[in-house]
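# Structure for the following, please:
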Amino acid sequence: METTRVLERRAAQGDTDSIFRLRYRRAFGRHRVKPTDWTAVVELWRRAAEAGHPRAQFYLATCYDFGRGVAVDAALAVRWYRRAAEQGHDVAAYNLGLCLRDGIGTRKNAPAARQWLRRAAEAGDAGAARDLGVLLHEGRGGARDDVRAVQWYRLAARLGDAKARHNLGLCYLEGAGVALSRRWAKYWLSQAAAAGHPNARLVLERLAAR
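Numbers count the residues shown, from 1 in each chain. Presented below is the predicted three-dimensional model:
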């Protein structure tokens with residue numbers, strides 16, 4: 001691992017990865033003793049982001065998203081999420097998909113939201129897989145497709161997502177995208193309840209009372 005001095009030297013020479021990593025270390029490093037100077041962090045991340053560094057673009061987007069070192073600006077957050085996502089940053093793709101789904105910092109665009117969520121889901125992001133499943137199940141951004149929704153719920157559920165386990169359980173209970181199966185409904189609802197999903201517990205209690 002490079003020392004801070006090495007990173008500083010490389011950053012002074014214009015190395016974008018060193019610029020990003022130096023500010024990342026100062027923002028989140030375990031040896032940090034002073035409060036993070038987010039204004040300084042943002043400015044160096046901006047340099048790296050404008051030079052095309054995808055992780056810097058993503059973290060700069062989060063600064064605009066949450067108001068770290070800059071005023072909250074959802075439109076600029078979307079701009080930087082998009083630039084990072086276009087370079088293959090999976091979490092940026094997920095965040096961009098959510099912004100397009102909900103109309104945060106941009107116009108609502110459910111078809112585009114599906115595309116970006118799918119990119120992140122295919123990379124193994126459980127939340128993206130779950131939320132893509134919801135769009136497919138609800139028919140937002142295209143035709144309703146319960147079979148594909150179940151496929152994405154199942155992926156997210158196997159990755160440990162409690163909401164996806166709950167949704168998958170309901171699909172088995174209702175026969176949406178899968179054959180009706182009380183056994184599998186109880187299995188996935190139990191998995192969701194064990195992970196702390198409150199509605200899953202309520203559904204299980206109703207099933208037990210029948």
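
# quick one: the helices in this structure?
If DSSP state H is used as the criterion, the helices of the chain fall at 4-12, 16-28, 38-50, 54-66, 74-86, 90-102, 110-122, 126-138, 146-158, 162-174, 182-194, 198-209.

# Switch these over to a markdown table, and while doing so, append mean pLDDT and mean neighbour count to every line.
C-beta: built from backbone N, CA, C; applies to glycine. Output for these, formatted as a markdown table (pLDDT from 0 to 100; neighbours: other Cβ atoms under 10 Å):
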| stretch | mean pLDDT | mean neighbour count |
| --- | --- | --- |
| helix 4-12 | 57 | 14 |
| helix 16-28 | 59 | 20 |
| helix 38-50 | 90 | 19 |
| helix 54-66 | 94 | 23 |
| helix 74-86 | 97 | 21 |
| helix 90-102 | 96 | 24 |
| helix 110-122 | 98 | 21 |
| helix 126-138 | 97 | 24 |
| helix 146-158 | 97 | 21 |
| helix 162-174 | 97 | 24 |
| helix 182-194 | 95 | 18 |
| helix 198-209 | 90 | 13 |
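
# tell me the contacts of the residue most central in space within the chain?
For the chain, Tyr94 is the residue whose C-alpha lies nearest the centre (Cα atoms, centre = their mean; 4.2 Å). If you count contacts by Cβ atoms under 8 Å, 6 or more residues apart in numbering, Tyr94 has them with Trp116, Leu117, Ala120, Asp125, Gly127, Ala128, Asp131.

# With Leu96 as the reference, measure out to the second one.
Taking Cβ to Cβ, to the nearest Å as the measure, Leu117 and Leu96 are separated by 9 Å.

# Can you give me the pLDDT of Asp37?
Per-residue confidence (pLDDT) for Asp37: 82.

# number of nearby residues for it?
13 (other Cβ atoms under 10 Å).

# gap between it and Val70?
13 Å.

# what does Thr36 give?
Taking Cβ to Cβ, one finds Thr36 at 13 Å from Val70.

# between these two, who's got more neighbours?
Val70 (18 against 15).

# Pretty sure that one sits against Ala61.
No. At 10.9 Å, Val70 and Ala61 do not qualify as touching, with contact defined as Cβ atoms under 8 Å.

# Would you agree Arg101 is in contact with Arg107?
No. Shown here, Arg101 and Arg107 do not form a contact pair, counting by Cβ under 8 Å, at 11.2 Å.
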